[in-house]
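Undergrad: Build me a model:
(one chain, ligands or ions: 1)
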Amino acid sequence: MKHFFALTTGLTMALSAADRPNILFIFSDDHAPNAISCYPGGLFDDIAPTPGIDRIAKEGMRFDRSYCTNAICGPSRASILTGQHSHLNGFIDNESSYFDGLQTAFPNLLRNAGYTTAMIGKWHLHSNPVGFDYWEVLPGQGAYYNPDFIQMDNKRKKFPGHCNDLVTEKGLAWLKQAADSNKPFMAMVQYKAPHRNWAPAFRHLNTFDDIEMPEPETLFDDYSNRSSVLKEHAMGIQGHMSWSHDMKFQGPNLFPSHFTGGHKDHQLNRLSEEDQKTYVAAYNDENQKFITDMRDGKLDQKAITKWKYQRYIKDYLRVIRSMDEGITKILKHLDDTGLAKNTIVIYSSDQGFYLGEHGWYDKRWMFEESLMMPFVVRWPGKIKPGSVSQAMIQNIDYGPTFLDLAGAEIPASMQGKSLVPLFKTSGEAPTDWRDSIYYRYSGERTHNVAAHDGVRTTEHKLFWVPKTKEYQLFDMKKDPQEMKSVHKDPAYTNVFAGMKKELDDARKKYRVHSAIIGQPKDQDWWKKRHAAMNQKAKKPHDLLFIGDSITQGWEGSGKGTWDKFYGNRKTLNLGISGDRTEHVIWRLDNGNLKNQKKAKVAVIMIGTNNTGHKLQDPTEVKDGIGRIISTVRARCPQAKILLLGIFPRGVNPDDPKRKNNVEINELVSKFHNGERIHYLNISDKFLTKEGVLTKEIMPDALHPKQKGYEIWAEAIEPKLKELGL
Ligand code: CA
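TA: Next up is the predicted model:
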């Protein structure tokens, strides 16, 4: 039977392979469209052109309204893989999130559809890639010089050379061997460039030395007429460039009031002694002149910022140069081998970047410069060369697009849409295409940008800042640089109302609701218990109980039973009274599972407070529970998950809260897959034949008494044993 299946599958692939294009997805990190010469409006089109990327646009299509869901590295990548916004795929930020590779994502689906898949270069999702026949990725951010790559056996290997050149070479090597296969391929060639700290290939260390780079008009933005949170940023060219890491000075920080000193230039440590000398020498003349001018008092604040801008932007453009050379080389390889004809080539970057606009470097904001992603695509014979699309596209569309190209089904979980219809109509969007895109940034400590979410239409942009409880509204036609929020301008009353509705609708459409947005509680006792659990979580445990007061109650009414059943089994109680799904989501991403990689079983029972708090819609609670399962699956890669139906509450079966829990249970029972996830509903064991919850078991019709805990322990014991405990 097994052989027969393999044979027929193989046959299907062989028959359809020729009709389906290869997909080469070239991706970079922090590359603003303003630094790509085929995009209009950039300052560097003539000084620092990008002929490799431009070639893709010239022979294919450029998208001018291409946006990310969340302008930081990991989240953009996770949105691409899953076709979902960050709050649903669980990778909301680079600091706390950990990607669950077992969730529905396009690489595995493409592989199931007969594609060979490869991932080479920057990955940055903490967990190892899943769904690839071949992968070789940079650890975390990766290094520019002589970088390590994590190999498929999980070992790190150091390679000599510049990261851009290595990604190009590794990509080419893989493409060469993939050509021998009769399967179509999907290859992700992902550069680290031009991410901070912008360390150029040696051949470009002095490129642009004699050029004065043009400055953006808003380099000295004073942030007036917009939210006060703009001023709180820590991503300014004036105030937040580090002496060594960013500005390439060596030795102690001579001007600590002008440069941050926290960063060492790590790139230097990776170079040989001889190469260190070359690297230092490349910047030395300019650096010495700057130091002398500073000591002579020749430079005022403005001049210093201008100097920093020049240093920053030149290095930024230098690292792009060797990447673009690599892309040119890859395109030539496709020409030389004839692969070009049946290979779709896409170039994009995880989000845009500030090239001094608003006085910034970095990203995060929903302002245009970081919201935008470049997106150019070539598909010979299908996409009209030189076409430009004004359709609003987003990174959640990539997965559906790749699956569509492969003739595979696009799963309902994906929130994006296939771009294939747009490819075939010179970029013209179908009539039912989206009118706006939704954006959500959750906030991180790094760079101190306040959390916000919003919508952008072709004409306007609205975002909401929870921290200061204020909206920002921009007229993108009259004020494309977003220098003045018009939310209080009476002339925009109708627009403002319309945009608020657009934002509400988008939140509903993309399932943004309280049950799934991780949230800590503000009470001291809660923070203390969370911290105490994190302390305990430093030691590995075999069995985890995750939940709310009912789980916490193992330390109260359930103590005797706990000692009897779990006292000798390395068990960790991760229950906090009053917690809803959102609190558990936050805790699991903030230390509760820190060292639980070897946990064998995690018992999850959560959701009754979502019901009790506001009789929350069961589908929302299901989303929250799904996120918790996904997080545990990723962070405890060996653990079997025992998902318990929420215990009954309310005395009688017709109690509205009881009914809500029953509905949630029906929905979450579908998470059961018999592999990592096992659903078990023991509700009946607490009830009389008539469905009544007695005082003997739960006096308040919510929390079990000692007898209730005995019932619980006995009911799950056989399952725990079955799951390997
Ligand atoms: Ca990035």
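Undergrad: Contact residues of the protein facing the ion?
TA: Within the chain, the residues that sit near the ion (C-beta under 5 Å from the ion) are 29, 30, 73, 350. The way it works is simple: take the backbone N, C-alpha and C, and place the C-beta from them, glycine included.
Undergrad: Just give the closest residue to residue 33, not the sequence neighbours.
TA: Leaving aside its sequence neighbours, residue 33 sits nearest to residue 39 (C-beta to C-beta, 6 or more residues apart in numbering; 4.1 Å).
Undergrad: quick one on the thing from earlier: please convert the residues of the chain next to the ion to CSV, extending it with secondary structure.
TA: Below are the residues of the chain next to the ion laid out as CSV (DSSP: H, G, I helix; E, B strand; the rest coil):
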residue, secondary structure
29, coil
30, coil
73, helix
350, coil
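Undergrad: circling back to that earlier point, near the residue nearest to residue 33, how many other residues are there?
TA: Using other C-beta atoms under 10 Å, residue 39 has 21 other residues around it.
Undergrad: May I ask you to confirm that it is in contact with residue 31?
TA: No - using C-beta atoms under 8 Å as the test, residue 39 is too far from residue 31 to be in contact (10.4 Å).
Undergrad: Pull up the overlap in contacts between those two.
TA: residue 374 (C-beta atoms under 8 Å, 6 or more residues apart in numbering).
Undergrad: I'd like to check which residues are in contact with residue 584.
TA: Going by C-beta under 8 Å, 6+ apart, residue 584 touches 546, 547, 548, 574, 606, 628.
Undergrad: Of those, keep whichever come out buried.
TA: Using 16 or more other C-beta atoms under 10 Å as the burial test, the contacts of residue 584 include 546, 547, 548, 574, 606, 628 as buried.
Undergrad: Need the residues you listed in a markdown table (columns: distance to residue 177 and secondary structure).
TA: As requested, these are arranged in a markdown table below (distance: C-beta to C-beta, whole Å; DSSP: H, G, I helix; E, B strand; the rest coil):
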| residue | distance to residue 177 | secondary structure |
| --- | --- | --- |
| 546 | 44 | strand |
| 547 | 49 | strand |
| 548 | 52 | coil |
| 574 | 46 | strand |
| 606 | 47 | coil |
| 628 | 41 | helix |
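Undergrad: Closest to residue 537 out of those?
TA: Nearest to residue 537 among those, counting by C-beta to C-beta, is residue 574 at 7.9 Å.
Undergrad: Run through the residues that contact the spatially closest residue to residue 503 that is not a sequence neighbour.
TA: Of all residues not flanking residue 503 in the chain, residue 455 sits nearest, at 4.8 Å (C-beta to C-beta, 6+ apart). Shown in contact with residue 455 (C-beta under 8 Å, 6+ apart): 436, 437, 438, 439, 461, 462, 463, 499, 502, 503, 506.
Undergrad: just residue 339 next, same as before
TA: 22, 175, 179, 333.
Undergrad: out of those, which is most surrounded?
TA: Ranked by the number of neighbours (other C-beta under 10 Å), the contacts of residue 339 place residue 22 first, at 24 neighbours.
Undergrad: what residue lies at the spatial centre of the chain?
TA: By C-alpha atoms, centre = their mean, the chain has its centre lying nearest to residue 75, at 0.9 Å.
Undergrad: Surely that residue is within a helix?
TA: Yes - the assignment for residue 75 by three-state DSSP puts it in a helix.
Undergrad: Quick one: residues contacting it.
TA: 69, 86, 91, 92, 93, 94, 97.
Undergrad: ok, now how distant is the fifth one from the ion?
TA: Just to be clear, that refers to residue 93. Computed as C-beta to the ion, to the nearest Å, the residue 93 to the ion distance reads 12 Å.
Undergrad: so how many other residues sit close to residue 663?
TA: That count, for residue 663 with other C-beta under 10 Å as the rule, works out to 17.
Undergrad: what's the spacing between it and residue 551?
TA: Remark: distance between residue 663 and residue 551 (C-beta to C-beta, to the nearest Å) = 21 Å.
Undergrad: quick revisit: among the contacts of residue 455, which one lies nearest to residue 446?
TA: residue 439 (18.5 Å).
Undergrad: element containing the residue in the stretch 101-250 of the chain that the ion sits nearest to?
TA: Nearest to the ion, among the residues of the stretch 101-250 of the chain, is residue 195, at 6.0 Å (C-beta to the ion). Assigned by DSSP states H and E, residue 195 falls within no helix or strand.
Undergrad: so what's the nearest residue to it once chain neighbours are set aside up against?
TA: Nearest non-adjacent residue to residue 195, counting by C-beta to C-beta, 6+ apart: residue 29, 4.2 Å away. By C-beta under 8 Å, 6+ apart, the contact list for residue 29 reads 73, 122, 190, 191, 192, 193, 194, 195, 349, 350.
Undergrad: per-residue pLDDT, residue 29?
TA: With respect to pLDDT, residue 29 scores 98.
Undergrad: What distance do you get for it to residue 564?
TA: Distance of residue 29 to residue 564, given as C-beta to C-beta: 53 Å.
Undergrad: same deal with residue 309?
TA: From residue 309 to residue 564 the distance is 68 Å (C-beta to C-beta).
Undergrad: How about the chain: which residue is closest to the ion?
TA: Distances between the chain and the ion by C-beta to the ion are smallest at residue 73, namely 3.7 Å.
Undergrad: That residue is in contact with residue 124, isn't it?
TA: Yes - using C-beta under 8 Å, residue 73 is in contact with residue 124, at 5.1 Å.
Undergrad: who has more neighbours, these two?
TA: Between residue 73 and residue 124, residue 124 has the larger neighbour count (other C-beta under 10 Å), namely 26 against 23.
Undergrad: and that one, how far is that from residue 88?
TA: 19 Å.
Undergrad: about what we covered before: mind putting the contacts of residue 455 into CSV with pLDDT and neighbour count?
TA: Below are these laid out as CSV (pLDDT from 0 to 100; neighbours: other C-beta atoms under 10 Å):
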residue, pLDDT, neighbour count
436, 98, 22
437, 98, 23
438, 98, 23
439, 98, 24
461, 98, 24
462, 98, 26
463, 97, 26
499, 98, 25
502, 98, 19
503, 98, 20
506, 98, 22
